[in-house]
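S.K.: Below are the sequence and a predicted model; questions follow.
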2 protein chains.
Amino acid sequence: MGSRASGELDAARRRRRTGTAIKESLRELSIQLSLLNHQVGARLNLKDVDLDCLELINRHGAMSPSALARRAGLHPATMTGILDRLERGGWIARDRATDDRRAVIVRSLRDRNAELYRLYGGMNSAMDRICAGYTEDQLDLLADFLRRATEAGNDATGDLAG
Amino acid sequence: MGSRASGELDAARRRRRTGTAIKESLRELSIQLSLLNHQVGARLNLKDVDLDCLELINRHGAMSPSALARRAGLHPATMTGILDRLERGGWIARDRATDDRRAVIVRSLRDRNAELYRLYGGMNSAMDRICAGYTEDQLDLLADFLRRATEAGNDATGDLAG
DNA sequence: ACGTCTCATATGGGTTCCAGAGCATCGGGC
DNA sequence: GCCCGATGCTCTGGAACCCATATGAGACGT
């Protein structure tokens, strides 16, 4: 066998190893960010799942409790309790829909956002320092990768839930 | 003002925007992976926090319950209940330490790993497809970024906890 | 108008989380 | 060798939580 073929084999192997490293790093990152979430939530008297739901509302906009429950993979009745806590803390407001008066629209109040931002401040500035070491093209590459990975996570979650 | 200066200004602005996009994507990715974890845990009759702890044991190796509790930001008594569930499910074993007979070492049993791997299979293959579109150099860049972000998360968590 | 469906929330039972107490054990001083 | 404080894990009790079911209010088709 020529050096060409074995070189290609090594390249393929190295490539697979890097891919595995990325998947493992992603998983480790996920845990680490969960732990960070946990600490932030603890400071705000919120459960982890409360923060997740709040973030879902911030990202995807106002929606009904049942829609939120579907997104979060939780029972609608559970969502009532979560929304009670978030409402009590002044994080969200429950508006009754005008067209369908059974329906409720959960809306995010931005009042306490500064508080949240401050708690994530350490992580944010660390990320700024990390980003500073990359070129614009590299940053674009990273942003695109994260977006795709999120989409993959979304699909995988949907498959398991459905 | 010359076109050179305004061009530099645009570049700086675009750069800042990309950085913000990355931080937001990271946060969104974090939620998405949490939701994925939640679905996986639901299939295995495990709580989210149980999976987190199991993963911590897998990553950082066998350790005592109290050390694990510190890492996870939980009360030692809470850890007892979590370990009870993990032990009942055959995920871990509690060994009494030989040198210090008060101490307990929590060790991960790998018996059910295949089951876990299968549940994450959808996400894994999606990540493989994503990785296939990058060059080896780009993959290295991504892996390094993820590693650094994890480290940043670890530091930020430690600051909040300490 | 009637029944059926959807939506959010109240209710009850089983579970979980956590602070503090309890028990066993280690290490150091004497 | 023995005591004493410190350490490590687990049990106990009380509060909070999650979820299945039931309930009440309202929308929609016929």
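M.R.: That came in fine, so what should we check first? Numbers count the residues shown, from 1 in each chain, chains lettered A, B, ... in the order given.
S.K.: Is the stretch of helix or strand residue A:29 belongs to in proximity to chain B?
M.R.: Assigned by DSSP states H and E, residue A:29 belongs to helix A:3-43. Yes - contact of helix A:3-43 with chain B (C-beta under 8 Å from any C-beta of the partner chain) involves A:11, A:14-15, A:18-19, A:21-23, A:25-40, A:42-43. Every residue, glycine included, has its C-beta placed from N, CA and C.
S.K.: cool, stretch A:53-62 as well?
M.R.: Yes - interface with chain B: stretch A:53-62 contributes A:55, A:56, A:59 (C-beta under 8 Å from any C-beta).
S.K.: show me the contacts for the residue nearest to residue A:51 when sequence neighbours are not counted.
M.R.: Nearest residue to residue A:51, sequence neighbours excluded (C-beta to C-beta, 6 or more residues apart in numbering or on different chains): residue A:41, at 4.8 Å. Residue A:41 makes contact with A:47, A:48, A:50, A:51, according to C-beta atoms under 8 Å, 6 or more residues apart in numbering or on different chains.
S.K.: tell me the angle the helix or strand bottoming out on mean pLDDT in chain A makes with helix B:3-43.
M.R.: Least confident helix or strand, chain A: helix A:3-43 with a mean of 90, by mean pLDDT, DSSP states H and E. Between the axes of helix A:3-43 and helix B:3-43, defined by axes from the mean of the first three to the mean of the last three C-alpha atoms, to 10 degrees, the angle is 80 degrees.
S.K.: Can I get the residues of stretch A:53-62 next to chain B in CSV including distance to DNA strand D and neighbour count?
M.R.: CSV is the format used below for these (distance: C-beta to the nearest atom of the strand, whole Å; neighbours: other C-beta atoms under 10 Å in any protein chain shown):
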residue, distance to DNA strand D, neighbour count
A:55, 15, 18
A:56, 15, 21
A:59, 20, 14
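S.K.: between those, which is closest to residue A:126?
M.R.: Distance to residue A:126 across these (C-beta to C-beta) is lowest for residue A:55, with 19.5 Å.
S.K.: Would you agree the closest one falls within a strand?
M.R.: No - read with DSSP: H, G, I helix; E, B strand; the rest coil, residue A:55 is helix and lies in no strand.
S.K.: got a list of what it touches?
M.R.: With C-beta under 8 Å, 6+ apart, residue A:55 has these contacts: B:27, B:28, B:31.
S.K.: now the second one, nearest residue through space, not along the chain?
M.R.: With C-beta to C-beta, 6+ apart as the criterion, residue B:28 has its nearest non-adjacent residue at 5.4 Å, and that residue is residue A:150.
S.K.: what about that neighbour, how many neighbours?
M.R.: 19 (other C-beta atoms under 10 Å in any protein chain shown).
S.K.: next one: residue A:24
M.R.: If we define neighbours as other C-beta under 10 Å, then residue A:24 has 14 of them.
S.K.: can you pull out the helices in chain A?
M.R.: A:3-43, A:48-60, A:65-72, A:76-88, A:113-119, A:121-132, A:136-161 (DSSP state H).
S.K.: Now do the last one against helix A:3-43, angle only.
M.R.: Same thing as helix A:136-161. Using the same axes, to 10 degrees: helix A:136-161 against helix A:3-43 is 70 degrees.
S.K.: Looking at helix A:136-161 now, give me its mean pLDDT.
M.R.: Here helix A:136-161 scores 96 as its mean pLDDT.
S.K.: Over to the shortest one?
M.R.: On average, the pLDDT along helix A:113-119 is 94.
S.K.: wait, does it contact chain B?
M.R.: Yes - Helix A:113-119 is in contact with chain B by C-beta under 8 Å from any C-beta, via residue A:119.
S.K.: Restricting to C-alpha, output that helix in CSV.
M.R.: Presented in CSV, the C-alpha positions along helix A:113-119 are these (Å, rounded to 0.1, in the frame of the first residue of the first chain):
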residue,chain,number,x,y,z
ASN,A,113,-33.5,41.8,33.0
ALA,A,114,-30.6,43.9,34.3
GLU,A,115,-30.4,41.6,37.3
LEU,A,116,-30.2,38.6,35.1
TYR,A,117,-27.6,40.1,32.9
ARG,A,118,-25.5,41.0,35.9
LEU,A,119,-25.5,37.4,37.1
